[in-house]
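Asker: Quick one, structure for this:
(chains A and B)
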Amino acid sequence: GEDVEQSLFLSVREGDSSVINCTYTDSSSTYLYWYKQEPGAGLQLLTYIFSNMDMKQDQRLTVLLNKKDKHLSLRIADTQTGDSAIYFCALRWEGNTPLVFGKGTRLSVIA
Amino acid sequence: NAGVTQTPKFQVLKTGQSMTLQCAQDMNHEYMSWYRQDPGMGLRLIHYSVGAGITDQGEVPNGYNVSRSTTEDFPLRLLSAAPSQTSVYFCATTGGDGYTFGSGTRLTVV
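Answerer: Down below sits the predicted model:
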């Protein structure tokens, strides 16, 4: 099955950019997602990208997809303390198919 | 508001007890799924359904049963709870692109 890898922790200073990385094994994944989970809360969809795209930008968020290297990244510009959370990379195939999650990256923002 | 509703939010069970976690969606989506979240493990798929009357197993189905008699509801049953089932459970639905998650049920089995 699909294997999705993320580093577990990332610490950045307020105002800096954060880059959260994700690698995966199945190149046929069609939809690639980033979710945010704040302490004690559910999962909030941040953004997603189709496999036929290389980049997507949405305000402070930039998603980059390198299909050759099977690498997905999420860049958060001007990181704020409110961005402290766990960020999950998730992938799925075409149609109503299950999401496969990475283990999540805990982002800590230092004031 | 449209979305996914999970009940209860918290539950403590004794080993061997049974219970049903409820999930209801008002988005008229065919696809629904259950995940469990454990520290350091991310979210793992338990069961999913692509429509009423159709269910299938995910990555960690043992100890859990599901049924899908209506489009709106997808209950998750624990027949005989074990401490290893202590976790946070999320229900999710999708109608195409993005998934919508419920707020979760925190279950403790003692």
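
Asker: What are the neighbouring residues in contact with the closest residue to A:Gly15 other than its chain neighbours?
Answerer: Residue nearest to A:Gly15 in three dimensions, not counting chain neighbours: A:Asp78, with 6.0 Å by CB to CB, 6 or more residues apart in numbering or on different chains. Where C-beta positions appear, they are placed from N, C-alpha and C, glycine not excepted. Residues in contact with A:Asp78 (CB atoms under 8 Å, 6 or more residues apart in numbering or on different chains) are A:Gly15, A:Ser17, A:Arg60.

Asker: Please identify the helix or strand for the residue nearest in space to the middle of chain B.
Answerer: Centroid check for chain B by CA atoms, centre = their mean gives B:Trp34 as the closest residue, at 3.4 Å. Using DSSP states H and E, B:Trp34 falls within strand B:31-38.

Asker: wait, is B:Ser84 part of a strand?
Answerer: No. Under DSSP: H, G, I helix; E, B strand; the rest coil, B:Ser84 falls outside any strand and is assigned helix.

Asker: Can you name the residues bridging to residue 100?
Answerer: No chain in the question, so chain A it is. A:Leu91 (DSSP bridges).

Asker: I was thinking of chain B, sorry if that wasn't clear
Answerer: Assessed by DSSP bridges, B:Thr100 has beta-bridge partners B:Thr93.

Asker: Any stretches of the chain with poor pLDDT?
Answerer: In the absence of a named chain, chain A is used. Confidence mapping of chain A against pLDDT under 70 gives the ranges A:1.

Asker: wrong one, I was asking about chain B
Answerer: Using pLDDT under 70, chain B drops low at B:1-2.

Asker: Show me the strands in it, by range?
Answerer: B:4-7, B:10-13, B:19-25, B:31-38, B:42-51, B:54-57, B:64-66, B:76-78, B:87-94, B:99-101, B:105-109 (DSSP state E).

Asker: which one of these lies closest to A:Ser108?
Answerer: With CB to CB, the closest approach to A:Ser108 among the strands of chain B belongs to strand B:42-51: 18.2 Å.

Asker: Contacts only, for the nearest residue to B:Glu72 once chain neighbours are set aside.
Answerer: Computed as CB to CB, 6+ apart, the closest residue to B:Glu72 that is not its neighbour in sequence is B:Ala24, at 5.4 Å. Going by CB under 8 Å, 6+ apart, B:Ala24 touches B:Val4, B:Thr5, B:Glu72, B:Asp73, B:Phe74.

Asker: B:Asp97 versus B:Ala24, what's the distance?
Answerer: Plainly put, B:Ala24 is 21 Å away from B:Asp97 if you go by CB to CB, to the nearest Å.

Asker: before we move on, back to that, quick one: strands adjacent to the strand holding B:Trp34?
Answerer: Using DSSP bridges, strand B:31-38 pairs in its sheet with strand B:42-51 (antiparallel), strand B:87-94 (antiparallel).

Asker: what's the most buried one of these?
Answerer: The highest average neighbour count among these, using mean count of other CB atoms under 10 Å in any protein chain shown, belongs to strand B:87-94 at a mean of 23.

Asker: Tell me the residues of chain B that contact chain A?
Answerer: Taking CB under 8 Å from any CB of the partner chain as the criterion, the neighbours of chain A within chain B are B:30-31, B:33, B:35, B:40-45, B:48, B:50, B:58-59, B:90, B:92, B:94, B:97-104.
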